[in-house]
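Q: Model the following, please.
(one chain, ligands or ions: 1)
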Amino acid sequence: MSILADYGCDEQTYIDQAKQRESVCPAGCPWCGHAGGLIGHGYYLRKAKGADQAYFIWIKRWFCKNCHRTLSMIPNFLLPYRHYLVKVVQAVMTAFYESEQSWKRVTASCAQDGTPGLRTMQRWCKALAGYAPT
Ligand SMILES: [Zn+2]
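A: Sure, this is the predicted structure:
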């Protein structure tokens, strides 16, 4: 399971701080609800794509001594199960929904180098449409 954590910085600052940053331990396990049973369980490396470069980001993990499950703390500039940074996805959503641009214009403004691909952007809009302002 992943939970979003606000580290109060952007992706580059987060990377620069590496593992030196303090990760606040969640009060309870989201799996079993047990309080105070989470212990640090290292990190894993996750690749994240920005508009013009890729980042390799260390993700903090916690282990529950009660239910033996793990928990990942995803910085809030990433989305669980998505490769691209939130700001890339947000730019596409804004262009399509708020500015009502055609897919041709969205592609021209948000995917200059061919990434993200059109089908990826369309998939985001379909999956996240419920979160777009109306
Ligand atoms: Zn647990």
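Q: Just give the nearest non-adjacent residue to the residue positioned nearest the centre of the chain, would you?
A: Taking CA atoms, centre = their mean as the criterion, residue 78 is the residue nearest the geometric centre of the chain, at 1.5 Å. Distance criterion CB to CB, 6 or more residues apart in numbering; nearest residue to residue 78, sequence neighbours excluded, is residue 48 at 5.7 Å. No exception for glycine: its C-beta is placed from N, CA and C like everyone else's.
Q: next one: the longest helix belonging to the chain to chain centre, how far?
A: Scanning the chain for the helix with the most residues, using DSSP state H, yields helix 118-128. Relative to its chain's centre, helix 118-128 lies at 16 Å (CA atoms, centre = their mean, to the nearest Å).
Q: Now do the buried residues in that helix.
A: Judged by neighbour count using 16 or more other CB atoms under 10 Å, the buried positions of helix 118-128 are 120-121, 124-125, 128.
Q: Many thanks, we can stop here.
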